[in-house]
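> Got a predicted structure here, sequence first:
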Amino acid sequence: MEQGIKFDTDKPEYGLLPPHALDEIVKVLTYGAQKYDRENWRKVPERQRRYFDAMMRHLWAVKRGEAVDTETGLSHYAHAGCCLMFLLEMELQPHLKDDRPLFERLTVSDAKAMENLK
């Protein structure tokens, strides 16, 4: 029998995702979906600032020696990873309205353009 060919060299390799870490993040997502709503994170006002703050609180909890979130019983790293995924999704999806105050939304190119107006 002749060997088959599949042209997938330049495609993402989802098998590279660490399965146990991803499973823990999905547990955080499930907890949130049951507590609030499946898509609640998309509806939170000032979500970029608030999820960044939440991510940092979880990371600092680890730094203080806390491995597990007391409310959920899940890893602080998993909570931080969940927040990071929300932040990345917001960055990648332009339809997710950026509701941060204007001064927080300025990009480097915006700042340079404003500098040129002087």
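Structure received. Keep in mind the model is a prediction, meaning the values are calculated, not measured.

> For the nearest residue to Leu29 once chain neighbours are set aside, list the residues it contacts.
Closest residue to Leu29 apart from its sequence neighbours, by Cβ to Cβ, 6 or more residues apart in numbering: Cys82 at 6.0 Å. (C-beta placed from N, C-alpha, C; glycine too.) Contacts for Cys82 (Cβ atoms under 8 Å, 6 or more residues apart in numbering) come out as Ile25, Val28, Leu29, Gly32.

> Could you count how many residues lie near the last one?
In other words, Gly32. If you count neighbours by other Cβ atoms under 10 Å, Gly32 ends up with 17.

> cool, the second one as well?
When counting by other Cβ under 10 Å, one arrives at 23 neighbours for Val28.

> List the residues that contact Phe7.
Neighbour list for Phe7: empty [criterion: Cβ under 8 Å, 6+ apart].

> ditto for Gly81
Gly81 touches Ala21, Glu24, Ile25, Val28, counting by Cβ under 8 Å, 6+ apart.

> and it, what element?
Element membership of Gly81, judged by DSSP states H and E, is helix 76-92.

> What distance do you get for the residue minimising distance to the centre of the chain to Trp41?
The C-alpha lying nearest the average C-alpha coordinate of the chain belongs to Met85 (Cα atoms, centre = their mean; 1.9 Å). Met85 sits at a distance of 9 Å from Trp41 (criterion: Cβ to Cβ, to the nearest Å).
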